[in-house]
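Enquirer: would you be able to build a 3D model of this:
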Amino acid sequence: MLAPEPAWKKVSDRLREALGADTHSRWIAVLAPVSTPEPDSLVLAAQDEWTKFWIEENFLPFIRDAVALEAPGLAV
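Expert: Got it, this is the predicted structure:
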């Protein structure tokens with residue numbers, strides 16, 4: 001299983017391809033993986049609550065799909 005940073009890099013790259021560079025730079029590139037004691041979890045931090053809400057409402061399914069493809073075994 002990949003560590004959070006390399007896993008997120010692969011997931012982020014896939015999302016750039018799927019969503020396009022502009023959407024990726026506005027909404028996905030602003031996320032950062034956070035260390036967690038659960039080795040099978042990918043926790044992402046957003047810059048503020050509004051951004052977190054927007055991403056959860058609009059991109060969480062895309063993120064989950066990309067994690068399933070690029071980092072199987074990790075939960076978001």
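Enquirer: now do the SS call for the residue located most distally from the centre of the chain.
Expert: Distance from the C-alpha centroid of the chain, by CA atoms, centre = their mean, peaks at Pro37 (17.7 Å). Recorded secondary structure, Pro37: coil (DSSP: H, G, I helix; E, B strand; the rest coil).
Enquirer: again with the one 10 residues further on
Expert: Following three-state DSSP, we place Gln47 in the coil state.
Enquirer: not counting residues beside it along the chain, what's closest to it?
Expert: Nearest residue to Gln47, sequence neighbours excluded (CB to CB, 6 or more residues apart in numbering): Val30, at 5.7 Å. C-beta: built from backbone N, CA, C; applies to glycine.
Enquirer: tell me the contacts of the closest residue to Ile63 other than its chain neighbours?
Expert: Using CB to CB, 6+ apart and skipping the chain neighbours, the partner closest in space to Ile63 is Val76 (5.8 Å). Val76 makes contact with Ser41, Leu42, Val43, Leu44, Leu60, Ile63, Arg64, Val67 under the criterion CB atoms under 8 Å, 6 or more residues apart in numbering.
Enquirer: what does Leu2 give?
Expert: Contacts of Leu2 (CB under 8 Å, 6+ apart): Lys10, Ala71, Leu74.
Enquirer: again, only this time at 6 Å
Expert: Residues in contact with Leu2 (CB atoms under 6 Å, 6 or more residues apart in numbering) are Ala71.
Enquirer: again, but for Thr36
Expert: Val43.
Enquirer: thank you, goodbye.
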